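Asks: Quick one: sequence and predicted model below, then my questions.
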Amino acid sequence: MKLIRILAVPSVLAVALPLLLAEGATLAAAPAPAAKPAATPAAPPPAAATGNCKTFGAGKCCSPDVTMHLAKEAVYAACGESEATFIGEAASKDMFTCKYHFSVPGENSEDTTVQVYVGTGKEIPDKPTDPFFSYKKVGKVWMTDKAKSPKAATMSDATTGLYMASKGYYLMVSASTKVCTKNEVAALAKSLK
């Protein structure tokens, strides 16, 4: 059984990371069913969202367990956004994903987001294992560098991904290039906790 768990986390990353980087993707459905039992026992239940937030659409406030890893204020500072361009946040049903939505003239607000996903497990890879993108190290964080296929190049033009491993959890961030340029995402990487 232990061998299955060790192999499940990299395979989940190989499946989840391209979904994370896809424009408008939500990770609520991304984790493979086989990986959920392995990750669920290791994770404490997420803290209840405070309810004192500006929500996007019918969304709910994000869990503090997610926002503590990347606060919207860090996005403001790194990406040149502000309270004036911030439309609201939306938590996923599983509360492990938070999307910060921003207003960008002429763009659909569903596509102008910075998304944070917190995954857990016993075996966390030090770096992403992704067949579609190569990564470069930016401080303690891995950032998407180059696409390995034309389809991945389209995703890479729309979003920039970050991956950071820590003890017992990992963070994946997908930032719309309409909100944060690649240089701004490199600056944002320093804010991940």
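Replies: Done, it's in.
Asks: At which residues are the helices of the chain located?
Replies: Using DSSP state H, the helices of the chain run over residues 2-21, 35-39, 64-67, 72-79, 150-158, 182-188.
Asks: For the fourth one, list every residue counted as buried.
Replies: Residues of helix 72-79 classed as buried by neighbour count (16 or more other CB atoms under 10 Å): K72, A74, V75, Y76, A77, A78, C79. Where C-beta positions appear, they are placed from N, C-alpha and C, glycine not excepted.
Asks: Closest one to S166 out of these, please.
Replies: Checking the buried residues of helix 72-79 against S166 with CB to CB, the nearest one is A74 at 16.6 Å.
Asks: From S92, how far off is the residue lying closest to that closest one once chain neighbours are set aside?
Replies: When the adjacent residues along the chain are set aside, A74 lies closest to S191, with 3.6 Å between them (CB to CB, 6 or more residues apart in numbering). Plainly put, S191 is 21 Å away from S92 if you go by CB to CB, to the nearest Å.
Asks: who has more neighbours, the two?
Replies: Between S191 and S92, counting by other CB atoms under 10 Å, S92 is the more crowded of the two (21 against 17).
Asks: what does the model give D130 for pLDDT?
Replies: As predicted, D130 sits at a pLDDT of 89.
Asks: excluding its backbone neighbours, what's nearest K136?
Replies: For K136, ignoring the flanking residues on the chain, the nearest one in space by CB to CB, 6+ apart is D145 at 4.2 Å.
Asks: tell me the contacts of the one you found?
Replies: If you count contacts by CB atoms under 8 Å, 6 or more residues apart in numbering, D145 has them with F133, S134, Y135, K136.
Asks: do the same with K193
Replies: If a contact means CB under 8 Å, 6+ apart, then K193 has M68, H69, L70 as its contacts.
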